[in-house]
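Asks: What follows is a predicted structure for the sequence shown.
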2 protein chains.
Amino acid sequence: MAQAKSGKRSSRPKRIDAQRNYEHLLKIAGILVKEEGTDASLREIARRADVGLGTLYRHFPTRDVLLEAILRNSFEELAQKAEALEHSDAPLDALTSWLEEFADGSATYRGLTSMMMATIKDPKSALYTSCFSMRVAAGRLLKRAQEAGRIRDEVTANDLFTLVTAIAWAADYSASEARSRSRLLSLLINGLESRPQIISSRVEGKKPRSKDPKK
Amino acid sequence: MAQAKSGKRSSRPKRIDAQRNYEHLLKIAGILVKEEGTDASLREIARRADVGLGTLYRHFPTRDVLLEAILRNSFEELAQKAEALEHSDAPLDALTSWLEEFADGSATYRGLTSMMMATIKDPKSALYTSCFSMRVAAGRLLKRAQEAGRIRDEVTANDLFTLVTAIAWAADYSASEARSRSRLLSLLINGLESRPQIISSRVEGKKPRSKDPKK
DNA sequence: ACCTGAACACCGTTCAAGT
DNA sequence: ACCTGAACACCGTTCAAGT
């Protein structure tokens, strides 16, 4: 869980022809998956890449592995964005905007949301780690928003991940997905916010006793 | 939109062998779809029903048609339930419990939620009418809850339908779907409720000016 | 009027054979 | 070390031929 550093950990120096095949395959697959969704035909990918079917399977033994390779960059971007936002001094806005970004990302390929939901139950999947770290990121931003008293305490990171993914899934079927997605999202977040306290005094919202929750 | 009465509108008297095939096919399909989900193999259904493939296609020219036949009853039940609940004097509870029922129904077959979302965009689908009437039912219950001041006004019937379906979809992937579904649902509804008014006086919640919203 | 199943055009996955 | 493509076991959908 530590020394992954260089980003490109190309496990070991492949033969150059293999390397070329790998990259070309990845590129073609990216295009096809964008066009046809995550269940694009593997055969077709191999065909379009002018490569034998077996070659595709050699480099990407599983559809998950292929998708993971396609998505690696976006996932990493999202992770970084989360890290940056963790130091924002507007925890609710930070959470919201990251969730928006995440939902947008989940919607770039048709079928991706289903894949992610399926994958998060199955640690053997190549997509698992990425999905898991998304959940963790969401969790941290959530926690901060909760500590600031802006989101209800009952909401868990899992709830949030699930709900946002569900919304991204649903928006896929809407006429104008982008608008629908952001609408549903804001409806959701609005709903998860803490209600204004009904207590007596004149507290004026802003400083909700952030530190020292226990004791 | 009116004189559909007897429930069983068997369009015209089929030959008895055809009739038998139809019913047997329907029964087998019901079993297979419950086991394998809405994209169960049509071939397998025909096989298990001891019927030629063409026979299946003759009776159910489309997967939608088959599913509609399988689901007809549950949809009708839901519609009735909605009608009954419309006269409840606890509009929010009425809405909530209907949505729960609806979500449960959408979860009886794997893949059904996707099918419903796809179908609601396509009036030619055999499932369209049923789905549409579900949206209408939800809309009526929603409206009452809103008129009673219990749900935020910005929420539309479409939002509600989409969000609930999305939740049903998501719960499908959870370990204990039923629990997860009701948890997420209550989280959602909780979120859609109107916030307690922050106005000055001593109104005590209970009677939110139900009648006479206009004028 | 209805049923049957072969035929067609697709899949995903594996693996012997080639370089 | 790597690539190829035939082979296998599946699909959905259509339609000529049968009763």
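Replies: Nice, thanks for sending it over. Numbers count the residues shown, from 1 in each chain, chains lettered A, B, ... in the order given.
Asks: So which residues on chain A come close to DNA strand D?
Replies: Counting by Cβ under 7 Å from any atom of the strand, chain A comes close to DNA strand D at A:14-15, A:17-18, A:21, A:50-55, A:57-59. For glycine as for every other residue, the C-beta is placed from the backbone atoms N, C-alpha and C.
Asks: So which of these is the closest to A:R144?
Replies: When the residues of chain A next to DNA strand D are compared for distance to A:R144 (Cβ to Cβ), A:H59 wins out at 40.4 Å.
Asks: can you count the residues close to the closest one?
Replies: Other residues near A:H59 come to 20 when the count uses other Cβ atoms under 10 Å in any protein chain shown.
Asks: any idea how far it is from A:A157?
Replies: Distance of A:H59 to A:A157, computed by Cβ to Cβ, to the nearest Å: 34 Å.
Asks: ok, back up a step: buried subset of the residues of chain A next to DNA strand D?
Replies: Those of those that meet the buried threshold are A:N21, A:V51, A:T55, A:H59, by 16 or more other Cβ atoms under 10 Å in any protein chain shown.
Asks: Which one of these is nearest to chain B?
Replies: Of all these, chain B sits closest to A:H59, with 28.4 Å by Cβ to the nearest Cβ.
Asks: Quick one, grab the pLDDT at the closest one.
Replies: Among the per-residue scores, A:H59 shows a pLDDT of 98.
Asks: wait, it sits on A:E23?
Replies: No. The pair A:H59 / A:E23 is not scored as a contact, 9.6 Å apart, by Cβ atoms under 8 Å.
Asks: Now the closest residue to DNA strand D within chain A, what are its backbone angles?
Replies: Closest to DNA strand D within chain A is A:G54: 2.3 Å, counting by Cβ to the nearest atom of the strand. Per-residue torsions, A:G54: phi -60, psi -30 (degrees, to the nearest 10).
Asks: DNA strand C contacts on chain A?
Replies: So chain A meets DNA strand C at A:D39, A:A40, A:S41, A:L42, A:R43, A:E44, A:L53, A:G54, A:Y57, A:P61, A:T62, A:R63 (Cβ under 7 Å from any atom of the strand).
Asks: Which among the residues you listed count as buried?
Replies: A:A40, A:L42, A:R63.
Asks: For the second one, list the residues it contacts.
Replies: Under the criterion of Cβ atoms under 8 Å, 6 or more residues apart in numbering or on different chains, the contact partners of A:L42 comprise A:L53, A:L56, A:R63, A:L66.
Asks: element containing the residue lying closest to the second one once chain neighbours are set aside, please.
Replies: Okay, so that is A:L56. Nearest residue to A:L56, sequence neighbours excluded (Cβ to Cβ, 6 or more residues apart in numbering or on different chains): A:A46, at 4.4 Å. Assigned by DSSP states H and E, A:A46 falls within helix A:42-48.
Asks: and if you look at A:A79?
Replies: Here A:A79 is assigned to helix A:63-85, by DSSP H and E.
Asks: I'd like to know which elements that helix is packed against.
Replies: helix A:16-36, helix A:91-106, helix A:112-119, helix A:128-147 (3 or more Cβ pairs under 8 Å, 6 or more residues apart in numbering or on different chains; DSSP states H and E).
Asks: Apart from its neighbours in sequence, what residue is nearest A:S174?
Replies: Using Cβ to Cβ, 6+ apart, the closest residue to A:S174 is A:S180 (3.7 Å).
Asks: what about that neighbour, distance to B:K121?
Replies: A:S180 is 12 Å from B:K121, where distance means Cβ to Cβ.
Asks: Which one's more surrounded, the two?
Replies: Between A:S180 and B:K121, counted using other Cβ under 10 Å, the more crowded position is A:S180 (19 against 12).
Asks: Alright, that wraps it up for me.
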